[in-house]
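> Here's a sequence, model it:
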Amino acid sequence: MPDTKSQTSDCQSNSGRDNKLMSALEWALLAVAFGSSLLILGAIVWRVAFDGLTWSGSIGGLGDDTMQYLSWARDSSQHVLVGNDYTLADAPRHYLHPGLVGSGVLHRLGLSIPLSYAVWVPIAAGAVCWGTFGYVRENISKPAQRVVALALALFYAVPTSLILALLPADHGLIFDLFIAREPQTIAPLWGYPYSALAVGLTALSLVTYIRARKLGKTFSPALVAQVIFTGWLQPWQGATVIATLVGSELLLRNRRFSQLAPAASKTWFLAASATLAGAIPLVYYALLGRLDSTFIESERNLMMLTGAERWWLILLAVLPLLVPALLVARMKVPSVAGLTARIWPAMAICQALMLGGFNIASSPSHALRGVAIPLAVLAVTGTSNLLRGYHHLTRVAAAGLAISMFAVVGTVSAERKELTTVFGSGVPSVLANYFIDQDELDAYQWIADSPVKGGVLGDRTGLGAMVPWRTGRKVWVGHVSWTPKSLSRYLASDAVLAAAPCCSKELVLMPAGRFIQATGARFVMVPCWAKLDMIMKQLDGAVDSIHRFGCQKVIQIRRGNSAADRAAVDHFYGPSQAN
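Next comes the predicted model:
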């Protein structure tokens, strides 16, 4: 007869080895995710150290976005409350952001402005990795399934190239620029660490809630703090967390789900306290959007761009995970964690579809950030249940195919695109601006040191975008969101730098020199591509002096006194000068 005890011991030994292997794979995935978040920074350091390039401050994503964050960080270091440096007019200081306050403090302690922003990348990466790991573990007990879910949760990326091939060019551009990377959990780590930190805190908040609810706790200071900072960093994620908490509590009071958590008096206060506290930053942002002139203008500007985020484009970004996730619809909810896994993506996707479908607010696809985490959990759970009668190799092949198609390919493609830009020619690009040359630095430094008071008119990207944080001066045209009537100002600044002939409609039918004086700008930054001699012909004696820094030029403008010119510019482009 076979030795039953020996067979049992062998099975336990094999199971133990499998568990250790799966645990090692989980940690390997976390290490790869953390390393991926630092890859762009590492490439920048490499080029600075070995190629002698000068870092612009950009850490990924759209270069103008990083320049805006750096401008805010400098402003926060001086005033705590952030104002608008993308207009020469007086602007209110009402914007208080925890990440910017932290960067401002670090800058006051001696860290450079770019480093005070970049330091958040490893912090956010740690939060994302730990939050995703904890949330997947709370939902899935089987090690092999957990590895697949963790891989998809961290690295899910929609097959953008395939979708772009099927979309019309205009919709494809919107999808590629604004939507495709939103559901990708680690994507915000390439340029947007505050957003990435909000994603990590979303997962950590729900892990804290799940564990506290299982223990029957009625209050958790950690949960309250996590929910507050989630919404303060990113209101979209804050709204999702609150909706998930409220939805979970309401369903746990239903007879169908009441057995998922121990019944205890006042357990409702756990979610209620976090919800009430988390609503504070959301109310704050709502008031800014209604009462602060900068935020009102920003919303108007962004709606012109992100208003094209159609609901079906938003849905396309999550469809590859959403379809297998729906397989759990007929499965029994196993736990509080499983309940949140069903509510979280529903709330996030509904928020995005409502904001975009009804044009309620700009950037609706931001609500999708972090949604791959619960969708990966549901997709693996549903697919595993569907394939449970199949051979082990079939299930392994299905898992490998899913990871390859919707994790490896997309993530590698996105990182390769960023790295190609970093290791390109070193010339600033509209999308990256990773490096600048010494001539540009000299031009910025001269403007910063000039005793002449006043703002700057420059190109909308590149030189102009960096002016506020490098010189401490305001610019007439800068980031698309915070520049008043930004699209119109873009056309006007382009007309000046392109040496448009006298009295074009972009310059309110007046000579370029009078137009610049009417804006209140005292300096014009002329990039290398612009033709200085042609620009000078259009300035009509408004030039005080010209300063050359290699191919970069700075024109100092005489102060203008025409009230009629100023009124005309203010009418078409919004207030330009301080009162």
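
> mind listing the strands for the stretch 401-550 of the chain?
Remark: strands assigned in the stretch 401-550 of the chain by DSSP state E, counting those that start in this stretch are 435-436, 455-457, 521-526, 543-549.

> Would you mind giving those strands as JSON lines with mean neighbour count added?
Heads up, the C-betas are built off the backbone N, CA and C, glycines and all. Formatted as JSON lines, the strands of the stretch 401-550 of the chain follow (neighbours: other CB atoms under 10 Å):
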{"stretch": "strand 435-436", "mean neighbour count": "24"}
{"stretch": "strand 455-457", "mean neighbour count": "26"}
{"stretch": "strand 521-526", "mean neighbour count": "26"}
{"stretch": "strand 543-549", "mean neighbour count": "14"}
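
> So for residue 350, which of those sits nearest?
For the strands of the stretch 401-550 of the chain, the distance to residue 350 is smallest for strand 435-436, at 41.8 Å, taking CB to CB.

> mind putting the strands of the stretch 401-550 of the chain in a markdown table, mean pLDDT and distance to residue 25 included?
Below are the strands of the stretch 401-550 of the chain laid out as a markdown table (pLDDT from 0 to 100; distance: least, CB to CB, whole Å):
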| stretch | mean pLDDT | distance to residue 25 |
| --- | --- | --- |
| strand 435-436 | 87 | 37 |
| strand 455-457 | 94 | 53 |
| strand 521-526 | 94 | 52 |
| strand 543-549 | 94 | 53 |
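
> As a markdown table, those strands with distance to residue 131 would be great.
Output for those, formatted as a markdown table (distance: least, CB to CB, whole Å):
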| stretch | distance to residue 131 |
| --- | --- |
| strand 435-436 | 33 |
| strand 455-457 | 41 |
| strand 521-526 | 42 |
| strand 543-549 | 46 |
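
> So which of those strands is nearest residue 251?
With CB to CB as the criterion, residue 251 lies closest to strand 435-436 of the strands of the stretch 401-550 of the chain, at 52.1 Å.

> mind listing what that closest one pairs with, with the direction of each?
Take DSSP bridges as the rule and strand 435-436 pairs in its sheet with strand 54-55 (antiparallel).

> residues in contact with the partner strand?
Contact with strand 54-55 is made by 44, 48, 114, 434-438, 441, as judged by CB atoms under 8 Å, 6 or more residues apart in numbering.

> next one: stretch 343-358
Outside of stretch 343-358, the residues within contact range by CB under 8 Å, 6+ apart are 206, 236, 239-240, 243-244, 247-248, 251, 309-311, 314-315, 318, 322, 325, 360-361, 364-368, 370-371, 373-375, 378.

> Quick one: buried ones out of the contacts of strand 54-55?
Among these, the ones that count as buried by 16 or more other CB atoms under 10 Å are 44, 114, 434-437, 441.

> can you give me the helices for the stretch 251-400 of the chain?
Along the stretch 251-400 of the chain, the stretches classed as helices by DSSP state H, counting those that start in this stretch are 268-291, 293-306, 311-325, 336-357, 372-386, 392-403.

> so can I have JSON lines of the ones you listed showing mean neighbour count, mean pLDDT and distance to residue 421?
Shown next, in JSON lines, are the helices of the stretch 251-400 of the chain (neighbours: other CB atoms under 10 Å; pLDDT from 0 to 100; distance: least, CB to CB, whole Å):
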{"stretch": "helix 268-291", "mean neighbour count": "17", "mean pLDDT": "95", "distance to residue 421": "32"}
{"stretch": "helix 293-306", "mean neighbour count": "18", "mean pLDDT": "85", "distance to residue 421": "22"}
{"stretch": "helix 311-325", "mean neighbour count": "20", "mean pLDDT": "91", "distance to residue 421": "23"}
{"stretch": "helix 336-357", "mean neighbour count": "23", "mean pLDDT": "93", "distance to residue 421": "28"}
{"stretch": "helix 372-386", "mean neighbour count": "25", "mean pLDDT": "92", "distance to residue 421": "24"}
{"stretch": "helix 392-403", "mean neighbour count": "14", "mean pLDDT": "67", "distance to residue 421": "26"}
